[in-house]
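1. could you look at this predicted model? Sequence included:
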Amino acid sequence: MKKSLVYALVIALFMACNDKSQSVNEIKIDYNIQKIDTIILNEIDTAFVVGNKIIDGDIGDKQKEYSIKIYFSNNLPELTYKNAIGADLYLANDLDGDGKAELLLRPEWFSSCWTSVNLFSLKNNIWKLVKSGSMYYCSDEYPLSKRIVQMKQGYSLLTDSLADTKFVTLKKEIKF
């Protein structure tokens, strides 16, 4: 009887390992067409960025839509972001005083050092885009962790721009 249970367990494990679609925190991933990146946000929170695998020779013209879904280990709702093949994330402090941290997202694309920087806040269990701007991420001067600055009253988001062929960093006031 014990041998039968052991054999049944081995067969069940073998079949589970051969399944092409696996689940991470109840996230269904089809590893044939999707990839998952894990981003540690802090000591206890992790994000899982799921998007389609890139097709050889793809420069943004091989798929109908390029979007990512971000899942969180701490039971936060998922966040979908379009026109991205990946993302860099930073969990900011609680900027609006509601007891929940805000999230900075820098989408990844096929080329260029220019991208957007996006600040999201969780309102009524839905991610809301609060502020966005341009970012030249190939420069290490202002990584995501330094993109939010405290002002005399409130916070600002640092964004990048070009003026007369010179890089300019702008402060955009964050309003909730």
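-> Sure, I can see it. Everything numeric here is computed off the predicted structure, so don't read it as measured data.

2. spell out which helix or strand contains the nearest residue in space to E173 that is not next to it in sequence, please.
-> Spatial nearest neighbour of E173, excluding adjacent residues (Cβ to Cβ, 6 or more residues apart in numbering): S156 at 5.4 Å. Using the backbone N, CA and C atoms, a C-beta is placed for each residue, glycine as well. Assigned by DSSP states H and E, S156 belongs to strand 155-163.

3. how about the helices in the protein?
-> Assigned by DSSP state H, the chain shows helices spanning 2-18.

4. circling back: tell me what the strand holding S156 is packed against?
-> Contacts defined by 3 or more Cβ pairs under 8 Å, 6 or more residues apart in numbering; DSSP states H and E place strand 155-163 against strand 114-123, strand 126-136, strand 148-150, strand 166-173.

5. any chance of the ones you listed in a markdown table, with distance to K28 and mean pLDDT too?
-> Formatted as a markdown table, the helices and strands packed on strand 155-163 follow (distance: least, Cβ to Cβ, whole Å; pLDDT from 0 to 100):
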| stretch | distance to K28 | mean pLDDT |
| --- | --- | --- |
| strand 114-123 | 23 | 96 |
| strand 126-136 | 20 | 96 |
| strand 148-150 | 33 | 96 |
| strand 166-173 | 37 | 93 |
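
6. Provide a list of residues in contact with the residue nearest to R106 when sequence neighbours are not counted.
-> Ranked by Cβ to Cβ, 6+ apart and with sequence neighbours excluded, the top spatial neighbour of R106 is D88, at 4.4 Å. By Cβ atoms under 8 Å, 6 or more residues apart in numbering, D88 lies in contact with 39, 105-106, 108, 137, 144.
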